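Visitor: based on what follows, work out the 3D shape:
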Amino acid sequence: VRLEESGGGLVQAGTSLTLSCGASGDTFSSYSMGWFRQVPGQTQREFVAGIRWSGGTTYYADSVKGRFTVARDNAKNTVYLQMNSLKPEDTGVYYCGVRIGASYYYSESFGSWGQGTQVTVSS
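Guide: Predicted coordinates:
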């Protein structure tokens, strides 16, 4: 499966942004997906949110819980990340990936990364 993220941009703190991750291929609905971000100065991608293949179960990092919502539309081969009440510390490159390993919380459990989309939140 090939992934492509979109929807990033430069926004002010307190505002909202919705990211999209479009997937090619006809097996998207069988994959659990995750959103990660890479923060300037850090080499490891940080878990943000995950969603099971059915969409029935979601997972969030503590830092975004209550502000971000992950959802998917399997008919459109797309997973979304709705980000509300954005903070400057949410700045980073956001990536979506397919879960290929056991854990939702580590980037090593994901593959088929897209190219990423930049989110910059100004104070």
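Visitor: now the strands for this structure?
Guide: Assigned by DSSP state E, the chain shows strands spanning 3-6, 9-12, 17-23, 33-38, 46-51, 58-60, 68-73, 78-83, 92-99, 110-111, 117-122.
Visitor: quick one: contacts of the shortest one?
Guide: Under the criterion C-beta atoms under 8 Å, 6 or more residues apart in numbering, residues 34, 36, 97-101 lie in contact with strand 110-111. (C-beta placed from N, C-alpha, C; glycine too.)
Visitor: which among these count as buried?
Guide: Buried members of the contacts of strand 110-111, counted by 16 or more other C-beta atoms under 10 Å: 34, 36, 97-99.
Visitor: in the protein, what helix or strand scores lowest on average pLDDT?
Guide: strand 110-111 (a mean of 92; mean pLDDT, DSSP states H and E).
Visitor: just checking: what are the partner strands of it?
Guide: Strand 110-111 has its sheet partners listed here by DSSP bridges as strand 92-99 (antiparallel).
Visitor: one step back: got JSON lines for the buried ones among the contacts of strand 110-111, with distance to residue 77 too?
Guide: Converted to JSON lines, the buried ones among the contacts of strand 110-111 look like this (distance: C-beta to C-beta, whole Å):
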{"residue": "34", "distance to residue 77": "16"}
{"residue": "36", "distance to residue 77": "19"}
{"residue": "97", "distance to residue 77": "15"}
{"residue": "98", "distance to residue 77": "12"}
{"residue": "99", "distance to residue 77": "16"}
